[in-house]
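**Q** I would like to see how this sequence folds:
(one chain, ligands or ions: 1)
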Amino acid sequence: MKYQQLSDQIRSKSSYLCVGLDTDINKIPKHLLKEKDPIFEFNKQIIDATIDYAVAYKPNIAFYEALGIKGWESLQKTIEYLPKDVFTIADAKRGDIGNTSKMYAKAFFEQMKFDSITVAPYMGSDSVEPFLEFEDKWVILLALTSNEGGKDFQFEELKSGEKVYQKVLEVSKKWGTQENLMYVVGATRSEEFQQIRKAVPYHFLLVPGVGAQGGNLKELSKYGLNKNGGLLVNSSRGIIYASKGEDFAKVAREKAQTIQQEMKGYLEQFSEV
Ligand SMILES: O=c1ccn([C@@H]2O[C@H](COP(=O)(O)O)[C@@H](O)[C@H]2O)c(=O)[nH]1
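**A** Here you go, the predicted model:
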């Protein structure tokens, strides 16, 4: 998917919601366990219920890998089921020496046909560039993560006065363009959004950490939104497990709609979209 298409989706749905498909066999409603592929059945019902309010879907690959071959099959079916006009994110956090990264890229872009993949920056340019060689595919580079442990390294101050995550942004933005490179910035870091926007004014930011992790949607939207939208805000558990009963899809739809309505207001207030 191209930058403009994603921006158009945000405009037409008045939403920058990404639904996280962190589908755990131990958390899905019990009545689905009688299905041939309970994980896919759950995802299918979540997608049908939330599609009016979401512009992106993000399966976290760990949840599928953990089930072995069956998990990969459920993932493949999920990707094939998703409509072509939504943006798909493989939250896989890959990155390795160049020739290995190339194989990860082939797996997620060619085999599974994801639009994008999350990548760790730690191994540097040659570990990221192989992902950037695929047309209309995206790298979503970890910049500032939402977890507490993110402070262990990412806020460390360098001799230049920059923090490590700022250095990641400054150096990596030369590896790609706003057309093929996005950044992960945690919703729990809303105080950093203003200066992150200065560093990367036009790049999309994938923002996990609202809902279950307590990030503030208004705060991050205020500084994170740009004239193209520029944000994809993910919620996984807060939507997909809002109800653990037979009404899970209906309740997920209500949750997604509530978030979308809030986003619509912020798009009107904080962005020219
Ligand atoms: O900094 C990061 C990077 C990735 N994640 C992932 O996003 C979702 C968040 O799930 P919630 O249930 O909405 O908390 C999950 O897949 C994480 O692995 C993140 O949280 N923070």
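
**Q** So which residues of the stretch 101-250 of the chain form helices?
**A** Here the stretch 101-250 of the chain has its helices, by DSSP state H, counting those that start in this stretch, at 125-132, 164-172, 193-199, 217-224, 237-240, 248-270.

**Q** Output those helices in CSV; the columns should cover distance to the ligand, mean pLDDT and mean neighbour count.
**A** Placement of C-beta: from N, CA and C, glycine included. Converted to CSV, these look like this (distance: least, C-beta to the nearest ligand atom, whole Å; pLDDT from 0 to 100; neighbours: other C-beta atoms under 10 Å):
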stretch, distance to the ligand, mean pLDDT, mean neighbour count
helix 125-132, 16, 98, 19
helix 164-172, 11, 98, 18
helix 193-199, 13, 95, 16
helix 217-224, 12, 96, 20
helix 237-240, 3, 97, 23
helix 248-270, 11, 97, 18
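
**Q** Take these and lay them out in JSON lines including distance to residue 34.
**A** Shown next, in JSON lines, are these (distance: least, C-beta to C-beta, whole Å):
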{"stretch": "helix 125-132", "distance to residue 34": "39"}
{"stretch": "helix 164-172", "distance to residue 34": "46"}
{"stretch": "helix 193-199", "distance to residue 34": "45"}
{"stretch": "helix 217-224", "distance to residue 34": "37"}
{"stretch": "helix 237-240", "distance to residue 34": "19"}
{"stretch": "helix 248-270", "distance to residue 34": "15"}
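
**Q** Quick one: closest of these to residue 92.
**A** helix 125-132 (10.6 Å; C-beta to C-beta).

**Q** Could you tell me the angle between that closest one and helix 164-172?
**A** 60 degrees (axes from the mean of the first three to the mean of the last three C-alpha atoms, to 10 degrees).

**Q** helices or strands up against helix 125-132?
**A** helix 98-105, strand 116-119, strand 138-144, helix 164-172 (3 or more C-beta pairs under 8 Å, 6 or more residues apart in numbering; DSSP states H and E).

**Q** export those to CSV and tack on distance to residue 12?
**A** Listed next are the helices and strands packed on helix 125-132 as CSV, based on distance: least, C-beta to C-beta, whole Å:
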stretch, distance to residue 12
helix 98-105, 30
strand 116-119, 20
strand 138-144, 20
helix 164-172, 29
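
**Q** Write out the residues of the stretch 51-200 of the chain neighbouring the ligand.
**A** 60, 91, 145, 146, 147, 184, 186 (C-beta under 6 Å from any ligand atom).

**Q** Need the residues you listed in JSON lines (columns: distance to residue 34, neighbour count and pLDDT).
**A** Below are these laid out as JSON lines (distance: C-beta to C-beta, whole Å; neighbours: other C-beta atoms under 10 Å; pLDDT from 0 to 100):
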{"residue": "60", "distance to residue 34": "25", "neighbour count": "21", "pLDDT": "98"}
{"residue": "91", "distance to residue 34": "29", "neighbour count": "24", "pLDDT": "98"}
{"residue": "145", "distance to residue 34": "38", "neighbour count": "21", "pLDDT": "98"}
{"residue": "146", "distance to residue 34": "35", "neighbour count": "19", "pLDDT": "97"}
{"residue": "147", "distance to residue 34": "36", "neighbour count": "13", "pLDDT": "97"}
{"residue": "184", "distance to residue 34": "37", "neighbour count": "25", "pLDDT": "98"}
{"residue": "186", "distance to residue 34": "38", "neighbour count": "24", "pLDDT": "97"}
